[in-house]
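Chemist: Below: sequence and its predicted model.
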Amino acid sequence: MTDFITQDTVKTRYWHTLEDGRVQCDLCPRYCKTHNNQRGLCFVRQNVDNQIVMTSYGRSSGFAIDPIEKKPLNHFLPGTPVFSFGTSGCNMACKFCQNWDISKSREMDTLMSKASPEAIAQAAKHYGCASVAYTYNDPVIFHEYALDTAQACRSLGIKSVAVSAGYVCEQPRAEFYQWMDAANIDLKAFTERFYHDLTGGHLEPVLETLKYIKHETSTWLELTTLIIPGENDSEAELEAMTQWVVEHLGPEVPMHFSAFHPDWKMQDKPATQLSSLLQARRIAIKNGVRYAYVGNVHDKSADSTYCHSCKQLLIGRDWFELSEWNLDEPGNCRFCEEQCAGVFQSKPGNWGAKRQAVLME
């Protein structure tokens, strides 16, 4: 049960007091060490009276209904609408952030919408959404709000989806993912140099999160890598990354390679070419990844799902629109009866590519 201090501020559990009197936040591997009234890097977690509190509970940067494929999740309830929301701030410092106006915000006025966890669950049910996504910024930093919402959703039969960088400590990670039905984790690169220089974080904690989700939970897992020219697009790095995924997570975990566009503090880099994404996809498939996709570009053949056994088209996708559907219940290939990994309904949803804003107040 969430312990409120004020309407928007709640007590948190993952912190401890240091010998010098500062308080260390133990939610993520950044381990921010704060004096009284000081905020951590994420900005929404603050030392108040020598305890760490979350200052944005129940407040959001906005609510919308998206196609589930936009998260991106291609093997989790395809074609269905997902009720999406985020807050502000982030525990990463990515120079290439594509949602910097939300994740880098230090203005509480960014959080103009308000909704209780119960209201979000009820809204998702009202609009016919199969799931709720904690997205736009990283749900790690609004841990308490996301967990309460996930519990409210589960009581109504609504599933929960985390879109995260996976930069979280062991104990809060275990608590969080017991309530998540699916996750798309950003595997931003496969070098410590990239994580240190361009995100302010480290690679190893993300790899530990990936292994934990895959092997210790029932959460459906997909990965996304934003391919940035000259930073994480070398053949050697993509070889190492995809080989690690197959060895440590398994061949059935889908990988999405998405196009970068110049933004935030990396406007000197060119946008990613389709050829680079297709190269990444080819390397992944060569190394045993069964389901590899491209994103932020238009290429139906590289965004569709194929049977890993007989190679027939299973799910046709054009941007976020579904076309062909060749899966029999419960997700078997119609041509050879091989199982396609994922969470599928007997029929695809028909939400399409539309995005619908939702006003909660």
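Modeler: On my side now, so go ahead.

Chemist: And the helices in the stretch 1-150 of the chain?
Modeler: Along the stretch 1-150 of the chain, counting by DSSP state H, counting those that start in this stretch, helices occupy 100-103, 117-126, 143-155.

Chemist: most packed of these?
Modeler: helix 143-155 (a mean of 21; mean count of other C-beta atoms under 10 Å). Bear in mind the C-beta positions are built from the backbone N, C-alpha and C, glycine included.

Chemist: re earlier: the helices of the stretch 1-150 of the chain into JSON lines, with extra columns for mean pLDDT?
Modeler: Formatted as JSON lines, the helices of the stretch 1-150 of the chain follow (pLDDT from 0 to 100):
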{"stretch": "helix 100-103", "mean pLDDT": "56"}
{"stretch": "helix 117-126", "mean pLDDT": "97"}
{"stretch": "helix 143-155", "mean pLDDT": "98"}
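
Chemist: Would you reformat these as CSV and include distance to His75?
Modeler: Below are the helices of the stretch 1-150 of the chain laid out as CSV (distance: least, C-beta to C-beta, whole Å):
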stretch, distance to His75
helix 100-103, 26
helix 117-126, 21
helix 143-155, 20
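
Chemist: out of these, nearest to Asn47?
Modeler: Nearest to Asn47, of all these, is helix 143-155, at 16.2 Å by C-beta to C-beta.

Chemist: What is the next helix or strand after that closest one packed up against?
Modeler: Per DSSP states H and E, helix 143-155 leads on to strand 159-164 as the next helix or strand towards the C-terminus. Judged by 3 or more C-beta pairs under 8 Å, 6 or more residues apart in numbering; DSSP states H and E, the packing partners of strand 159-164 are strand 131-134, helix 143-155, strand 182-186.

Chemist: where's strand 159-164 relative to the chain centroid, distance-wise?
Modeler: Chain-centre distance of strand 159-164: 6 Å, with C-alpha atoms, centre = their mean, to the nearest Å.

Chemist: and that strand, which residues are buried?
Modeler: 159-164 (16 or more other C-beta atoms under 10 Å).

Chemist: Please identify which of the helices of the stretch 1-150 of the chain is closest to Ser346.
Modeler: Checking the helices of the stretch 1-150 of the chain against Ser346 by C-beta to C-beta gives helix 117-126 as the closest, at 20.5 Å.

Chemist: hmm, who's touching the closest one?
Modeler: 58, 63, 83, 85, 115, 131-132, 145, 148-149, 151-153, 155-158, 358, 360 (C-beta atoms under 8 Å, 6 or more residues apart in numbering).

Chemist: 10 Å - rerun?
Modeler: With contact meaning C-beta atoms under 10 Å, 6 or more residues apart in numbering, helix 117-126 is reached by 2, 57-58, 60, 63, 65, 81-85, 115-116, 129-133, 144-160, 358-361.

Chemist: Can you show me the CA trace of it as PDB?
Modeler: Extracted C-alpha coordinates of helix 117-126, given in PDB (Å, rounded to 0.1, in the frame of the first residue of the first chain):
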ATOM      1  CA  PRO A 117      -4.100   4.000 -10.600                       C
ATOM      2  CA  GLU A 118      -7.700   2.900 -10.300                       C
ATOM      3  CA  ALA A 119      -8.800   5.600 -12.800                       C
ATOM      4  CA  ILE A 120      -6.200   4.400 -15.300                       C
ATOM      5  CA  ALA A 121      -7.300   0.800 -15.000                       C
ATOM      6  CA  GLN A 122     -11.000   1.800 -15.400                       C
ATOM      7  CA  ALA A 123     -10.200   4.000 -18.400                       C
ATOM      8  CA  ALA A 124      -8.300   1.200 -20.100                       C
ATOM      9  CA  LYS A 125     -11.300  -1.100 -19.600                       C
ATOM     10  CA  HIS A 126     -13.700   1.600 -20.800                       C
END
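
Chemist: quick one, that helix and helix 143-155 angle?
Modeler: Computed by axes from the mean of the first three to the mean of the last three C-alpha atoms, to 10 degrees, the angle separating helix 117-126 from helix 143-155 equals 40 degrees.

Chemist: Mind putting the buried residues of strand 159-164 into TSV with pLDDT?
Modeler: Formatted as TSV, these follow (pLDDT from 0 to 100):
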residue	pLDDT
Lys159	98
Ser160	98
Val161	98
Ala162	98
Val163	98
Ser164	98
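
Chemist: Next, format those residues as TSV and append distance to Asn296.
Modeler: Output for those, formatted as TSV (distance: C-beta to C-beta, whole Å):
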residue	distance to Asn296
Lys159	25
Ser160	25
Val161	19
Ala162	20
Val163	15
Ser164	19
